[in-house]
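> next comes the sequence, and after it the predicted model I'd like to discuss.
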Amino acid sequence: MTELTAMQRELATRLPHIEMRFSEPMTNHTSFRIGGPVEAMIFPKSREELSEIMSVSALLDCKSAILGAGTNVLAPDDGISGIVICLKDCLSGMELLDDNRIGVMAGVTMTRAAVFAANHGLGGMEFAHGIPGTVGGGVYMNAGAYGGEICQICESVEVMDSKGTIRQVSAADMRFSYRHSALEETGEIVISAIFCLEPKPADEIRAKMKELMGKRSASQPLDMPSAGSAFKRPVGGYAAALIDQAGLKGYSVGGAAISTKHAGFAVNLGDATAEDVKNLLSNVSDIVFEKSGIRLEPEVRIW
């Protein structure tokens, strides 16, 4: 058995009642299926446990990274020193607050939240049904698809800072913009969110979700490991169209490639490393810039 690091021993001593795993492979927690071992991955089941973790992290002077479903993350091949706090399926729970609002915890997937809303006859989250990430990640980056965005339905967000203090933030103070929120500057963690929706017939909502899921299945490489859209939508064009026009569908670096089905997706062909993906994204951005004068920026969060 590998000897524990000093930090691992401290965590085990100070947080014995909280689930954690040492040397946990990031490949098990990212949709890219890429990433080396994490020194300590911790799975809080409540606000109180998360607050404890944040306090201990501060005491040990150890920066914590927050992971949801890992659907928009490229983790390093050589692993991660320190703590990764995984919220998916941990901070879970949803509730109907009134006739048009639901409260959702950060670890709930966007798909589950959309289905919960539909089951209560509330529309407005149909766009989120096929987004594979968690509500926490979706709020943090103002996730969107098919003309819908989190900022259109978000009323307020409950967040926690690095000291474990919780506060409520209004949608206006979240400063939502394209794939961005104020939390990227503050470093606070999403605990839960309140979504304001619109009463609609449940069958109408489900029909719309089925339609959008059909579009996804027909156009996206859902059968291959990826992190969704590889690049942000640039001013003056669409990333997938620009990549396609540059003749880069199927272009590969090592085990990573631009999907032949959808040029906006970078996929793992089976043995891709993080370096393969980073080099692929960099090369594609350079080639597209040479051909179009438009610089593509990664939407994937590179750790």
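Right, received. Where do you want to start? Numbering: from 1, shown residues only.
> OK, contacts around the residue most central in space within the chain?
Relative to the mean C-alpha position of the chain, the nearest C-alpha, by Cα atoms, centre = their mean, is the one of G137, at 4.2 Å. Contacts for G137 (Cβ atoms under 8 Å, 6 or more residues apart in numbering) come out as G68, A69, T71, N72, A143, V190. Heads up, the C-betas are built off the backbone N, CA and C, glycines and all.
> then E198?
By Cβ under 8 Å, 6+ apart, the contact list for E198 reads N100, L122, G123, G124.
> any idea how far T71 is from the last one?
As judged by Cβ to Cβ, to the nearest Å, G124 and T71 stand 22 Å apart.
> ok, these two, which is more surrounded?
T71 (23 against 19; other Cβ atoms under 10 Å).
> and that one, how far is that from L15?
Remark: distance between T71 and L15 (Cβ to Cβ) = 27 Å.
> do Y238 as well
The gap separating Y238 from L15 is 46 Å, by Cβ to Cβ.
> so those two - more neighbours on which side?
Ranked by neighbour count (other Cβ under 10 Å), Y238 and L15 place L15 first, with 19 against 14.
> surely that one touches E52?
Yes: between L15 and E52 there is a contact at 6.3 Å, judged by Cβ atoms under 8 Å.
> list the residues that contact the residue nearest to E19 when sequence neighbours are not counted.
Spatial nearest neighbour of E19, chain neighbours left out: F43 (4.3 Å); criterion: Cβ to Cβ, 6 or more residues apart in numbering. By Cβ under 8 Å, 6+ apart, the residues touching F43 are I18, E19, M20, R21, I85, C86, C90.
> which PyMOL command selects the buried ones in those residues?
Provided next is the PyMOL selection string for whichever of the contacts of F43 are buried by 16 or more other Cβ atoms under 10 Å:
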select buried, resi 18+20+85+86+90
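> relative to T2, which of the contacts of F43 is nearest.
The shortest approach to T2 among the contacts of F43 belongs to R21, at 13.0 Å (Cβ to Cβ).
> mind listing what the closest one touches?
R21 makes contacts with A40, M41, F43, as judged by Cβ under 8 Å, 6+ apart.
> one step back: redo the contacts of G137 as a markdown table? Include secondary structure, distance to D78 and pLDDT.
Formatted as a markdown table, these follow (DSSP: H, G, I helix; E, B strand; the rest coil; distance: Cβ to Cβ, whole Å; pLDDT from 0 to 100):
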| residue | secondary structure | distance to D78 | pLDDT |
| --- | --- | --- | --- |
| G68 | coil | 22 | 91 |
| A69 | coil | 23 | 90 |
| T71 | coil | 22 | 90 |
| N72 | coil | 21 | 91 |
| A143 | coil | 29 | 92 |
| V190 | strand | 28 | 97 |
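> now distance to P25 too, for these, in JSON lines please.
Listed next are these as JSON lines, based on distance: Cβ to Cβ, whole Å:
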{"residue": "G68", "distance to P25": "17"}
{"residue": "A69", "distance to P25": "16"}
{"residue": "T71", "distance to P25": "17"}
{"residue": "N72", "distance to P25": "18"}
{"residue": "A143", "distance to P25": "26"}
{"residue": "V190", "distance to P25": "25"}
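> which residues of the stretch 201-303 of the chain fall in strands?
Using DSSP state E, counting those that start in this stretch, the strands of the stretch 201-303 of the chain run over residues 226-229, 252-253, 256-258, 265-268, 301-302.
> for those, give me CSV that also has distance to E3, mean neighbour count and mean pLDDT.
Below are the strands of the stretch 201-303 of the chain laid out as CSV (distance: least, Cβ to Cβ, whole Å; neighbours: other Cβ atoms under 10 Å; pLDDT from 0 to 100):
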stretch, distance to E3, mean neighbour count, mean pLDDT
strand 226-229, 34, 23, 91
strand 252-253, 37, 18, 98
strand 256-258, 34, 26, 98
strand 265-268, 32, 26, 97
strand 301-302, 31, 14, 93
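> ok, which of those comes nearest E48?
Short answer: strand 301-302, nearest of the strands of the stretch 201-303 of the chain by Cβ to Cβ, at 27.4 Å.
> other SSEs contacting that closest one?
strand 73-74 (3 or more Cβ pairs under 8 Å, 6 or more residues apart in numbering; DSSP states H and E).
> other residues contacting the strand it packs on?
Contacts to strand 73-74, defined as Cβ under 8 Å, 6+ apart, come from residues 30, 32, 34-35, 67, 227, 274, 277-278, 300-303.
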